[in-house]
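*Asks:* A predicted structure for the sequence below; I have some questions about it.
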Amino acid sequence: MRIVVLAGGTSTERDVSIVSGTGICNGLRAKGHEAVLVDVFCGIENVNWEDPFPGEYDVEAASAYIKSFNKNIEELKKERKDFFGPNVIRLCKMADFVFLGLHGANGEDGRIQAAFDLMGIKYTGTGYLSSAMAMDKGITKWMFQMHGVPVPGGVTMKKNNRKEDLAELGLAFPVVVKTCCGGSSIGVYIVQDQEEYLKALEDAFSYEEEVVVEEFIQGTEYTVAVVDGQAYPVVQIVPCQGFYDYENKYKPGAVKETCPAPISEELTKRLQHYAVKGYKALSLESYARLDFIVTEDEKIYCLEANTLPGMTPTSLIPQEAAVLGMDYPTLCEKLIHVSMKKYQ
């Protein structure tokens with residue numbers, strides 16, 4: 001197949017997306033596909049239109065080209081009106097399929113999915129509406145509650161109506177403050193007192209106009225991928241220090257990830273049950289990853305759903321697939337095959 005792997009973009013998760021996209025492109029080419037790596041925002045200037053999906057292709061050179069824009073990305077965002085970079089749409093229309101290696105805003109939030117639907121471009125992952133719902137942690141929490149998926153107690157709060165007294169919200173310290181649509185744990189704060197709470201609000205509102213404030217659940221983190229409606233093996237995530245924030249997620253050796261998780265079969269099945277239930281609650285398609293926290297007495301709380309989860313070769317879903325005997329290139333190809341079902 002002729003495949004465009006879209007990576008980069010303008011979100012706070014740009015760097016991770018480049019690593020994901022590079023891995024995906026290498027994986028698909030290892031399976032014999034004519035895959036090319038393209039930055040959705042910065043595009044590509046020099047395309048050989050007689051052979052835009054060449055048999056011989058330097059993925060690392062394409063990755064280096066995308067990274068070369070990193071230092072100027074903020075300036076480019078101010079200068080540009082169009083989100084799609086040079087030649088991006090033309091290449092995507094020529095491809096048989098587009099693999100979305102994007103994370104965060106303007107990639108995972110349904111906007112690109114809606115644009116591609118209008119242009120007849122086929123892509124990996126769920127559709128625009130479920131992408132948008134899953135990206136918003138406030139809406140996700142509401143949908144989970146409606147469908148019987150347990151979540152931490154909490155509320156959403158807009159910038160122009162912030163509540164500085166937790167008692168008004170029916171909460172008590174410690175609490176978690178997080179942006180509604182942030183990813184990779186960017187804009188997430190665990191706060192212990194009023195001073196930390198006010199600072200967390202200030203910081204979170206610097207990212208977005210709406211935040212979630214919820215009770216802090218002390219426990220162990222787990223994650224479960226759901227692919228084509230089927231739950232994959234559970235991963236246990238234990239940070240060496242602090243919590244599973246952006247730095248711990250992507251710093252080598254900062255967390256201990258164990259798959260399959262060293263837990264009872266009963267707890268494994270419960271986590272997988274709620275993962276599938278959460279997947280269905282948001283009307284997700286193709287694949288997603290759902291994150292949980294479990295208390296010492298094994299109460300389960302679902303934190304969020306990731307519709308375009310990290311796909312570096314060492315990311316969580318590849319670890320789960322490996323337990324099932326699936327190598328990384330095979331997983332990349334499988335995610336395309338399950339995504340094709342949207343169009344049948």
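*Replies:* Looks like it came in fine. Numbering: from 1, shown residues only.
*Asks:* Quickly list the domain ranges of the protein.
*Replies:* What automatic domain parsing lists as the domains of the chain is 2-123, 153-215, 219-326+338-343.
*Asks:* looking at those, which is closest to C332?
*Replies:* Closest to C332 of the domains of the chain, according to Cβ to Cβ: domain 2-123, at 3.9 Å. In this view, the C-beta of every residue, glycine as well, is placed from N, C-alpha and C.
*Asks:* Over the closest one, what's the mean pLDDT, rounded is fine.
*Replies:* Averaging pLDDT along domain 2-123 yields 96.
*Asks:* Span of it from start to end?
*Replies:* Domain 2-123 has its terminal residues 12 Å apart, counting by Cα to Cα, to the nearest Å.
*Asks:* again, but for stretch 54-62
*Replies:* Stretch 54-62 has its terminal residues 13 Å apart, counting by Cα to Cα.
*Asks:* Can you name the residues in contact with it?
*Replies:* Residues outside stretch 54-62 that contact it (Cβ atoms under 8 Å, 6 or more residues apart in numbering): 22, 25-26, 29, 34-38, 48.
*Asks:* which residues sit in contact with Q272?
*Replies:* Counting by Cβ under 8 Å, 6+ apart, Q272 makes contact with 224, 231, 234.
*Asks:* one more time with 6 Å
*Replies:* Applying Cβ atoms under 6 Å, 6 or more residues apart in numbering to Q272 gives the contacts 224, 231.
*Asks:* now swap in K178 and tell me
*Replies:* Counting by Cβ under 6 Å, 6+ apart, K178 touches 187-188, 212.
*Asks:* same thing but at 8 Å, please
*Replies:* For K178, the contacting residues are 137, 187-189, 204, 211-212, 214, by Cβ under 8 Å, 6+ apart.
*Asks:* so can I have JSON lines of those residues showing secondary structure?
*Replies:* Conversion of these to JSON lines gives the following (DSSP: H, G, I helix; E, B strand; the rest coil):
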{"residue": "K137", "secondary structure": "helix"}
{"residue": "G187", "secondary structure": "coil"}
{"residue": "V188", "secondary structure": "strand"}
{"residue": "Y189", "secondary structure": "strand"}
{"residue": "A204", "secondary structure": "helix"}
{"residue": "V211", "secondary structure": "strand"}
{"residue": "V212", "secondary structure": "strand"}
{"residue": "E214", "secondary structure": "strand"}
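*Asks:* out of those residues, which one sits closest to S315?
*Replies:* Comparing the contacts of K178 against S315 with Cβ to Cβ places V188 closest, at 18.8 Å.
*Asks:* Roughly how far does S130 sit from T12?
*Replies:* For S130, the distance to T12 equals 22 Å [Cβ to Cβ, to the nearest Å].
*Asks:* The two: which is more packed in?
*Replies:* Neighbours around S130 and T12, counted as other Cβ atoms under 10 Å, are more numerous at S130. The numbers are 23 against 18.
*Asks:* Let me see the confidence value for G183.
*Replies:* On the pLDDT scale, G183 is placed at 60.
*Asks:* er, V176 I mean
*Replies:* For V176, the pLDDT comes out at 95.
*Asks:* Tell me the bridge partners for it.
*Replies:* I190, E214 (DSSP bridges).
*Asks:* From E196, how far off is it?
*Replies:* As judged by Cβ to Cβ, V176 and E196 stand 11 Å apart.
*Asks:* Which neighbours do these two have in common?
*Replies:* Common neighbours of V176 and E196 (Cβ under 8 Å, 6+ apart) are Y189.
*Asks:* Counting neighbours, go ahead and name the busier of the two.
*Replies:* Neighbour comparison, V176 and E196: the larger count goes to V176, with 20 against 16 (by other Cβ under 10 Å).
*Asks:* for that one, what are its contacts?
*Replies:* 152, 154, 188-191, 212-216.
*Asks:* rerun that using 6 Å as the cut-off
*Replies:* 190, 214, 216.
*Asks:* Hmm, the last one is touching A172, no?
*Replies:* Yep, that's F216 we're talking about. No. F216 lies out of contact with A172 (Cβ atoms under 6 Å); the separation is 9.7 Å.
*Asks:* More neighbours: these two, which one.
*Replies:* A count of neighbours by other Cβ under 10 Å puts F216 above the other of F216 and A172, at 19 against 10.
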